[in-house]
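Q: dropping a prediction and its sequence here:
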Amino acid sequence: RWPSGGCPARSLLERLGQTTTLAAGGATAAAGMLLGALAPTVWLTLLGFAVTGLGLANLFPVAIARAGALTGPSGVAAASTLGYGGMLLGPPAIGFLADWLSLPAALTTVAALAAVAAVVAYATRNAAHPGVG
């Protein structure tokens, strides 16, 4: 049992809020993937992938919850479709990019998309509560 009575993700969300959790997760994932893509050693590459996983761990469930809060069931459906579609289409896309360009270049696109997710999370911070903060 966790000290806060719940899981670490819930504790993180309660302390930081959804926007900060999404933006920090995207930024962490982007930094981790850049490290993984451009690292000169295997151990740094593995560290980069681990940091990427830590950054992405909360993005999907929080994004689904936020989509549901903003637009209801249709938002959950759209966010789920995009998320699961990305999980299905992402690896082949990375493979094709790696074949055409290089693996570091292909993985750098993942870092760029994670950074875009962080920017979108921050830019839409007032969508649920217009006029606040």
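A: It's in.
Q: helix, strand, or coil at Gly85?
A: When classified by DSSP: H, G, I helix; E, B strand; the rest coil, Gly85 comes out as helix.
Q: quickly note the distance from it to Pro91.
A: 12 Å (C-beta to C-beta, to the nearest Å). (C-beta placed from N, C-alpha, C; glycine too.)
Q: again with Ala105
A: With C-beta to C-beta as the criterion, Ala105 and Pro91 are 16 Å apart.
Q: between these two, tell me which one has more neighbours.
A: Ala105 (13 against 10; other C-beta atoms under 10 Å).
Q: which one is the more buried one nearest to, not counting chain neighbours?
A: Spatial nearest neighbour of Ala105, excluding adjacent residues (C-beta to C-beta, 6 or more residues apart in numbering): Leu97 at 6.6 Å.
Q: low-confidence ranges in the chain?
A: Applying pLDDT under 70 to the chain flags the ranges 1-10, 127-133.
Q: please enumerate the helices of it.
A: Taking DSSP state H as the test, the helices found in the chain are 8-16, 18-38, 42-56, 59-71, 73-100, 103-123.
Q: show me what the fourth one is packed against.
A: Packing contacts for helix 59-71, counted by 3 or more C-beta pairs under 8 Å, 6 or more residues apart in numbering; DSSP states H and E, involve helix 18-38, helix 73-100.
Q: got those as TSV, with distance to Leu46 columns?
A: Output for the helices and strands packed on helix 59-71, formatted as TSV (distance: least, C-beta to C-beta, whole Å):
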stretch	distance to Leu46
helix 18-38	8
helix 73-100	17
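Q: for those helices, which one sits closest to Leu47?
A: helix 18-38 (6.6 Å; C-beta to C-beta).
Q: for that closest one, buried residues please.
A: 18-19, 21-37 (16 or more other C-beta atoms under 10 Å).
Q: and if you look at stretch 91-111?
A: 97, 106-111.
Q: end to end, how far does that stretch reach?
A: Taking C-alpha to C-alpha, to the nearest Å, stretch 91-111 runs 14 Å from one end to the other.
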